[in-house]
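Participant: Below is the structure, and that's it, no one-letter string:
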């Protein structure tokens, strides 16, 4: 496969699931798009390591193609259903880091908006008030560092709406670096500075908390 697949790091693996550090530029799921996906890479990896012709593997959740970080995949249908139920019940702990243009309104706070799809379905529309087709979007944030006219921020979303973090940050005047769709300054092709740093789920078999962490991309310059 072409693209950034040589940089994929396996964070965790057992009989039931596989966790990757997805690089920016790869889709989470395989589909009709011409560009490569982390799911396709992982299927090839399992084929090579298990020698099974058609291993089962499905992404449990999605990361935008332009973002990076922890991506969780299930190796059987029961595991997939168990993990997806946790995401739907909002019992999964997710922490992101982003580099944004501009200054946040406070060093810590909560972003509460209403989000819906744009007319073409490819973006998100944000409002302070509900509108037809919108859903509530909530995210806690904490400033990590100010760097000139930019800010490094930790994000803990309480909901998982389409393009939620990207759209909410842009709405308050702090678009993510590289996210030109939402008014951010250019950076690299098919990459924005949004990284899924931390994911905690309940293991579908043991029932124990499973904490997954993905190191930040080497292309970032982050605080220690």
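Facilitator: Good, I have the coordinates. Computed from a prediction, not measured in an experiment: that's the story for all the values here.
Participant: If you count contacts, what does whichever strand or helix holds residue 49 end up packed against?
Facilitator: Using DSSP states H and E, residue 49 falls within helix 38-50. Counting contacts by 3 or more C-beta pairs under 8 Å, 6 or more residues apart in numbering; DSSP states H and E, helix 38-50 packs against strand 17-22, strand 58-59, strand 68-74. (Glycine included, C-beta is placed from N, CA and C.)
Participant: Turn those strands into TSV, columns for distance to residue 169 and mean neighbour count.
Facilitator: Listed next are these as TSV, based on distance: least, C-beta to C-beta, whole Å; neighbours: other C-beta atoms under 10 Å:
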stretch	distance to residue 169	mean neighbour count
strand 17-22	20	24
strand 58-59	24	20
strand 68-74	16	26
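Participant: In CSV: those, plus mean pLDDT and distance to residue 47.
Facilitator: Below are the helices and strands packed on helix 38-50 laid out as CSV (pLDDT from 0 to 100; distance: least, C-beta to C-beta, whole Å):
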stretch, mean pLDDT, distance to residue 47
strand 17-22, 96, 13
strand 58-59, 94, 15
strand 68-74, 97, 14
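Participant: want to throw those strands into a markdown table with distance to residue 36?
Facilitator: As requested, the helices and strands packed on helix 38-50 are exported to a markdown table (distance: least, C-beta to C-beta, whole Å):
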| stretch | distance to residue 36 |
| --- | --- |
| strand 17-22 | 11 |
| strand 58-59 | 14 |
| strand 68-74 | 14 |
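Participant: among the ones you listed, which is nearest residue 137?
Facilitator: The minimum distance between residue 137 and these falls on strand 68-74, with 19.3 Å, by C-beta to C-beta.
Participant: Show me how far the following helix or strand past that closest one is from its chain's centre.
Facilitator: Reading on from strand 68-74 to the C-terminus, the next helix or strand found by DSSP H and E is helix 77-88. Chain-centre distance of helix 77-88: 17 Å, with C-alpha atoms, centre = their mean, to the nearest Å.
Participant: next one: stretch 11-28
Facilitator: 12 Å.
Participant: what about that stretch, start to end distance?
Facilitator: End-to-end distance of stretch 11-28 (C-alpha to C-alpha, to the nearest Å): 15 Å.
Participant: Do I have it right that residue 131 meets residue 114?
Facilitator: Yes: with contact defined as C-beta atoms under 8 Å, residue 131 reaches residue 114; the gap is 6.4 Å.
Participant: Could you check the angle the helix or strand bottoming out on mean pLDDT in the chain makes with strand 68-74?
Facilitator: Within the chain, no helix or strand scores below helix 38-50, which has a mean of 88 by mean pLDDT, DSSP states H and E. Between helix 38-50 and strand 68-74, the angle comes out at 60 degrees (axes from the mean of the first three to the mean of the last three C-alpha atoms, to 10 degrees).
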